[in-house]
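In: Turn this into a structure:
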Amino acid sequence: MHFRIADTFTASLARMTGDEQKAVKTTAFDLQLNPAAPGLSFHKLDHARDKHFWSVRVNADIRLIVHRTESSLLLCYVDHHDPAYRWAERRKLETHPTTGAAQFVEIREQVREIAVPQFVASTPAAPAAKPLFADIADEVLLGYGVPGEWLADVRGATEDTLLTIADHLPAEAAEALLELATGGTPKAAPVATPQTNPFDHPDAQRRFRVMTDAAALEQALAWPWDRWMVFLHPAQREWVERDYSGPARVSGSAGTGKTIVALHRAVHLARTHPDSRVLLATFSDTLARALHGRLRRLIGGEPQLAERIEVHAMDAIGLRLYERRRGPARLATGEVIQDLLAAAVAQAGGSRFTPGFLFSEWREVVDAWQIGTWEEYRDVRRLGRKTRLAEAQRAALWALFAQVRAGLDAQGLVTPAGVFTGLAADLAGQAPPFDFAVVDEAQDVSIAQLRFLAALGGDRPNALFFAGDLGQRIFQQPFSWKALGVEVRGRARTLHVNYRTSHQIRSQADRLLGADVADVDGNVESRRGTVSVFNGVAPAVRSFWSEEAEIAAVGAWLAERASEGMAPHELGVFVRTEAQLDRATSAVARAGMSAALLDEHLDTRPGAVCVGTMHLAKGLEFRAVAVMACDDEVLPLQERIESVTDDADLQEVYDTERHLLYVACTRARDCLFISGVTPTSEFLEDLQMAD
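Out: Numbers count the residues shown, from 1 in each chain. The predicted structure follows:
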């Protein structure tokens, strides 16, 4: 007998309390071990349209809904008695007549949440909304996976009703309609042959999975909110399993599953190359720990596979490999560099350039590119550095930077960029320490790190795979990947299906960024046509006259989310800098909850609301997020603006500050609250602009 689990089951399980989940899991394991066990209480649902729906008693009140045939048992849903029965009575499991995919179909006449769109005579005062799909043939809509009984509703859908109708359709149909409504041309769903099992269809595999043993079921139920571990979107699967002749990159706006693709890509490479070693790298130690936890949950039952996949922050793996080859690295701190620059300026009798400019020129040009001679500095393209420098000015600057280089050498110090440049040189002509590298958050890979990765990958197919979003670049100046030997043109793909963030949050956050973002090499990442597959509440954007009023409002908002059943660790509060952290922790305390301060060494903690700066929000996700203290001179940060020596450099400051707010806002799945004290950040006006 095939024992399957549906994504509707994992989603419903996630909404239950911890004690309820334990009881449900015990019953699920008993079902898998022996569906005919005498202790299991099956009850046939007489009022269900699908006669294969049964309920299984978990306790006095909780019922597990299963779909049972002679050859299979499918875990469909779990809830308290009456809601569980209502769920089953409103659905049926069918094989779509056109695509051949197994799908849950809501029974149209029992859906009460929406009204069938009415075509009424228009009047000058209230013109009728224009149906979006009235001219599309039934065969086309069926080819997208629309259930036959929903064709009339789809034909009558307008801009006002589409999202509500989409909530009642199978995911592939909802995504196709949303893409059509935004001007795209979706691909028709694959059509199965008559011999194909409906559960083996690519779209069916997004929502149904065979549980081969108890370990697989335990993995699927251990973290029910992380449904991606079991259910992978077909567009993602395509890029996970493809062979590439050179470096490849997957991009997409926040919530489109780039990290999911990276994680599954690393596992796919390890599985298909049994003797290989795979590096799965990301930006920070915090994100590396999160990735490692997800990897453990994904392949927990395959320890030999896990041994061949190493998860590290980029800086951490660089230091580890450097130490293995050259001994411990003595890293130069920013303070040491600034002291050396100050000494060089004093010895030169002063400089027309500010200390801030000198330090940034060192960090973003000289050290980033590991420039060691005057000729290299004279000829370097200073991408991202908009202040123009004549050759005489560069000569004066190089005299200072050369002294800094000499000072570092004299003290035996190396910078992180020097670590990766040294590793790249060491790899020339040698066997690489990893056969494959998969890099998440690739938009913030540094010049030296990419040089190392290029040396690691060489010209080997499938060696390098990147996932990232230029719209979330908050640390690195733009530079040419192609110039460092990493050419992704022709092997770059943008994901457009957002299943993590509601339509309302995604569309409002997108107002902070342009529709298209291009890198230095001309590769374009487009947000056009990105669709969210579920509806939600509109984000709240508020301004207050005092910090105390803001703290009280955010505290009340957090308490309301908790009253709706959200656990503390599913809530996040973010601010621009550490100076505003007290406001965030005070709001959490006002809500009657405890706060876990996020830093480079702490991930989210059960029982506590995550509080941190916007930079540390990168890569995390929560059901609800409050972004506080978006005050004028805080966002964009006044210190950064004042450090600019040329008006042209302001654009880079404003861009990265916008990216920061975008990153913080898009950590939210269901609910978002953005606030500041008057006068508030100008970015809040952008968020509130009408479409």
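In: For the rest of this, base every contact and every neighbour count on C-alpha atoms.
Out: Noted.
In: For the stretch 101-250 of the chain, which segments are assigned as strands?
Out: 102-106, 208-210, 248-252 (DSSP state E, counting those that start in this stretch).
In: which of those is buried the deepest?
Out: Of these, the one with the most neighbours on average (mean count of other C-alpha atoms under 10 Å) is strand 248-252, at a mean of 25.
In: Can you list the strands that that one pairs with?
Out: Paired neighbours of strand 248-252 in the sheet (DSSP bridges): strand 464-468 (parallel), strand 492-495 (parallel).
In: now these in CSV, with distance to L217?
Out: CSV is the format used below for those (distance: least, C-alpha to C-alpha, whole Å):
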stretch, distance to L217
strand 464-468, 29
strand 492-495, 29
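In: Which one of those strands lies nearest to F673?
Out: Nearest of the strands paired with strand 248-252 to F673, taken as C-alpha to C-alpha: strand 464-468 at 25.4 Å.
In: As TSV, the strands paired with strand 248-252 with mean neighbour count would be great.
Out: Compiled in TSV, the strands paired with strand 248-252 are given as follows (neighbours: other C-alpha atoms under 10 Å):
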stretch	mean neighbour count
strand 464-468	26
strand 492-495	20
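In: Lowest average pLDDT across the ones you listed?
Out: Among those, strand 492-495 has the lowest mean pLDDT, at a mean of 87.
In: Touching, P606 and M566? I think so.
Out: No - applying C-alpha atoms under 8 Å, one finds P606 not in contact with M566, separated by 11.9 Å.
In: A567: neighbouring residues, count only.
Out: 18 (other C-alpha atoms under 10 Å).
In: Where does the prediction get shaky in the stretch 451-600 of the chain?
Out: The model of the stretch 451-600 of the chain has pLDDT under 70 over residues 475, 600.
In: Could you pull out the helices in it for me?
Out: Listed in chain order, the helices of the stretch 451-600 of the chain (DSSP state H, counting those that start in this stretch) span 503-509, 547-563, 581-590.
In: about what we covered before: for L661, which of the strands paired with strand 248-252 is the nearest?
Out: Closest approach to L661 among the strands paired with strand 248-252 (C-alpha to C-alpha): strand 464-468, 16.9 Å.
In: mind saving the C-alpha coords of that closest one as PDB?
Out: Provided in PDB are the C-alpha atoms of strand 464-468 (Å, rounded to 0.1, in the frame of the first residue of the first chain):
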ATOM      1  CA  LEU A 464      29.300  26.400  -9.600                       C
ATOM      2  CA  PHE A 465      25.700  27.200  -8.800                       C
ATOM      3  CA  PHE A 466      24.500  30.600  -7.400                       C
ATOM      4  CA  ALA A 467      21.200  31.700  -6.000                       C
ATOM      5  CA  GLY A 468      20.500  35.400  -5.100                       C
END
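In: and D686, what does it touch?
Out: R511, L512 (C-alpha atoms under 8 Å, 6 or more residues apart in numbering).
In: at 10 Å what do you get?
Out: Q508, A509, D510, R511, L512, L513 (C-alpha atoms under 10 Å, 6 or more residues apart in numbering).
In: Tell me the one of these nearest L400?
Out: L513 (38.0 Å).
In: Pretty sure the closest one sits against V663.
Out: No - using C-alpha atoms under 10 Å, L513 makes no contact with V663, being 11.0 Å away.
In: okay, and the common contacts of these two?
Out: Contact criterion C-alpha under 10 Å, 6+ apart; residues shared by L513 and V663: G471, Q472.
In: So for those two, which residue has more residues nearby?
Out: Using other C-alpha under 10 Å as the criterion, L513 and V663 rank with V663 on top: 25 against 16.
In: Now that one, what are its backbone angles?
Out: Torsion angles at V663 (phi, psi; degrees, to the nearest 10) stand at phi -60, psi -50.
In: does it really touch A617, like I thought?
Out: Yes - using C-alpha under 10 Å, V663 is in contact with A617, at 7.0 Å.
In: returning to that earlier point: between P606 and M566, which is the more surrounded one?
Out: Between P606 and M566, counted using other C-alpha under 10 Å, M566 has the larger neighbour count: 18 against 12.
In: do you know how far that one is from M16?
Out: For M566, the distance to M16 equals 10 Å [C-alpha to C-alpha, to the nearest Å].
In: show me the residues around D670 that make contact.
Out: 500-505, 534-539, 622-625.
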